[in-house]
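In: take this sequence and fold it.
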Amino acid sequence: MTRVFSAVLLFLLVGLRAATAQQDPGVWVQVEAQPSLREAQDRAQAYASTLPDVNGFRLNSGWYAIVIGPYARGDAEQVLRVYRAEGQIPRDSFVAFSSSLGQQFWPVGENALNRDAVSAPTEPAAQPQETLTIATPQVSDETRAQALQSERLLTAQERKDLQTALQAAGFYNSTIDGAFGQGTRRSMGDWQRFNGYEATGVLTTAQRKALMDEYNAPLISAGMDRYSDDAAGIALDMPLGTVSFDRYEAPFVHFKSASDLNTQALLISQEGDKNTLRALYQVMQSLEIVPLNGPRELGRDQFTLEGRGNGIVSFTQARLADGMIKGFTLVWPEGDEARRLRVLAAMATSLSTTDAVLDAAAGADAEQRIDLVSGLQIRKPRLSRSGFFAGADGTVLTVSEAAESCTRITLEGDQEVQLALTDQELGVSVLRPAKALAPMSVAAFSTTQPRIQSEVAVSGFSYQGALGAPTLTYGQIADIRGLNGETGIKRLALNAQPGDAGGPVFNDSGNVVGMLLPTPSEGRTLPASVSLAATVERLTEILTKAGVSGLSSEETTRISPNELNRRATGMTVLVHCWD
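Out: Got it, this is the predicted structure:
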């Protein structure tokens, strides 16, 4: 009911404002762009069936934009906020300016910018430019001589910026050197002609502003502005329309989202050396805000990290100089790549530093949790279970629930392994490391059948890695068959935790007599002291199918608890399944 009410209210509000704005076109909400006129007309018609004030214009890039408006700037931002919140327009919609719009193609016959409309396409969509009509030249705000005089006041960088903007608009394809030669003059004239001005080859003050506003529309929509932090010793341009200062928590200055775009930013500032830089590089890759997929590079005095996934794109850069590490992180939603790249480039090129470094004690009173690093959530696997080395090359046996439907499988969090084989009936999987490993200890499988009521111990990560090492849980063999009398499974009188599943079951001689299986999930609840384990016979069969020859042992001498713990620790691994 609330959404319907807000939509109706907004409909009346924007309709009134749009009607007023038609007399003096202001700003717009750009919701989509299409490469062909025919596609853009279809999309504009679809939006017009549910939203008011839908218009379509050709862009200087040759694409066709569907926009809503025009409005006053504040009204446009309200429309953007409400419609995005209601899901009626894409989340990467943004505020656009009239200067970025060319000839109008929707609604047919309309001319909101006092320019000739685009004719309906008579040729294939691949030839959209042939359907455009030429606009009547507008009167310039300055004479050519006056434009030349104001142009002489431009700095070298401002002249280069104009060439860059002309290049981005598709009118200039030469060197960005700030020299306004014949090629630059020709491109200026082409831009003027396309936008309905007299083609003098010299941009007036107002035309230069229109060109730069069009080029900087992505930055303007993100609220790019200069930000200086004396405590961190960093100054740079930041998208302050989408993020705002949150807190200090060394070595980071945290910025939270200030809009429904759900962006996030960090400034990095700390004392350190090459070892500190390398440690920071590793820590950043463990964070949730840095997805696993993406290029990353660590050099002697700097690193960059890009992560893509889970709906975000994250970029981090940091540099070591004079015993200080300075940098930043930008987290942006996927699907808004053009604007993200402009924002990112502006941040990187504008970054400057001083000798100040963020106090290492900053944020020491903040919430402390083992799954947080300086207030940032550590990336967590979807599932963590135990496993153990069954081959000298690092081949691992584990339960299939820890290895199936995983985007990535790792041991101890960073060693990648591949799924080699799964036995669906028993629920056991064989994992092979991407690179051969040298385990401290490898399972030696017992050649004799364990006796009922003999003592056993399971080695596993009971708390899924929280303790950093496997623990031993002691119990007894309750039966050499499963609950329904099936072979290949034995029943244990042992109180295990979910994280123990996949761990090796040892006899008192230190030989492996089975592997702990998960508690059945077929609508049954077993007593806490009942656990199930795969037998050695079935495990060796599975290993053989995977091309692995397991080691066997006939040792019967009882070993000490310390020796058992040593073998178990060197053999048992934590298996992570990542989404």
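
In: who's in contact with Leu261?
Out: Arg91, Thr242, Pro333, Asp336 (C-beta atoms under 8 Å, 6 or more residues apart in numbering). The way it works is simple: take the backbone N, C-alpha and C, and place the C-beta from them, glycine included.

In: go on, Thr448?
Out: Glu554, Thr556.

In: that one and Thr242: what is the separation?
Out: Distance, Thr448 to Thr242, by C-beta to C-beta, to the nearest Å: 67 Å.

In: repeat for Leu492
Out: Counting by C-beta to C-beta, the separation of Leu492 from Thr242 is 55 Å.

In: before we move on, what about Thr556?
Out: From Thr556 to Thr242 the distance is 69 Å (C-beta to C-beta).

In: swap in Asp359?
Out: The gap separating Asp359 from Thr242 is 27 Å, by C-beta to C-beta.

In: neighbour count for those two, which is higher?
Out: Thr242 (25 against 15; other C-beta atoms under 10 Å).

In: Leu516 against Gly460, yeah?
Out: Yes. With contact defined as C-beta atoms under 8 Å, Leu516 counts as touching Gly460 (6.5 Å).

In: which residues do these two both contact?
Out: With C-beta under 8 Å, 6+ apart, Leu516 and Gly460 have common neighbours Ser386, Ala496, Asp500, Ala501, Gly502, Gly503.

In: got the residue ranges for the helices in the chain?
Out: 2-21, 37-48, 73-85, 144-151, 156-168, 182-194, 205-215, 217-221, 274-285, 337-350, 536-545, 561-571 (DSSP state H).

In: if you average pLDDT over each of those, which is lowest?
Out: For these, the bottom mean pLDDT is recorded on helix 2-21, which sits at a mean of 42.

In: what residues does stretch 319-329 touch?
Out: By C-beta under 8 Å, 6+ apart, stretch 319-329 touches 232-234, 236, 251, 264-274, 276-277, 280, 284, 289-290, 301-302, 314-318, 347, 351, 353, 355, 357.

In: got a PyMOL select line for the buried ones in those residues?
Out: Burial among the contacts of stretch 319-329 is assessed by 16 or more other C-beta atoms under 10 Å; the matching PyMOL selection reads:
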select buried, resi 232+233+234+236+251+264+265+266+267+268+269+270+272+276+277+280+284+289+290+302+314+315+316+317+318+347+351+353+357
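
In: how about the contacts made by the closest residue to Leu351 other than its chain neighbours?
Out: Excluding its sequence neighbours, the residue lying closest to Leu351 (C-beta to C-beta, 6 or more residues apart in numbering) is Leu236, at 4.4 Å. Counting by C-beta under 8 Å, 6+ apart, Leu236 touches Arg226, Tyr227, Phe328, Met347, Ser350, Leu351, Ser352.

In: which of these ranks first by neighbour count?
Out: Phe328 (24 neighbours).

In: against Ser352, how distant is Gln497?
Out: Distance from Gln497 to Ser352, by C-beta to C-beta: 52 Å.

In: output stretch 564-579 as CSV, restricted to C-alpha atoms.
Out: Only the C-alpha atoms of stretch 564-579 are listed here, as CSV (Å, rounded to 0.1, in the frame of the first residue of the first chain):
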residue,chain,number,x,y,z
LEU,A,564,48.2,-39.8,18.4
ASN,A,565,47.6,-36.1,18.6
ARG,A,566,50.8,-35.5,16.6
ARG,A,567,49.7,-37.8,13.8
ALA,A,568,46.2,-36.5,13.8
THR,A,569,47.3,-32.8,13.7
GLY,A,570,49.7,-33.5,10.7
MET,A,571,47.0,-35.5,8.8
THR,A,572,43.7,-33.6,9.4
VAL,A,573,42.9,-30.6,7.3
LEU,A,574,40.1,-28.1,7.3
VAL,A,575,38.1,-28.1,4.0
HIS,A,576,36.3,-24.9,2.9
CYS,A,577,33.6,-24.8,0.3
TRP,A,578,33.2,-21.3,-1.2
ASP,A,579,30.3,-19.8,-3.1
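
In: how far away from the center of its chain is it?
Out: 30 Å (C-alpha atoms, centre = their mean, to the nearest Å).

In: do the same with stretch 214-232
Out: 21 Å.

In: one more: stretch 499-508?
Out: For stretch 499-508, the distance to the chain centre is 37 Å (C-alpha atoms, centre = their mean).

In: and for stretch 277-288?
Out: 15 Å.

In: pull out the buried residues from that stretch.
Out: Leu277, Leu280, Tyr281, Met284, Gln285, Leu287, Glu288.

In: and stretch 168-176, by the same measure?
Out: Ala168, Ala169, Gly170, Phe171, Tyr172.

In: many thanks, I have nothing further to ask.
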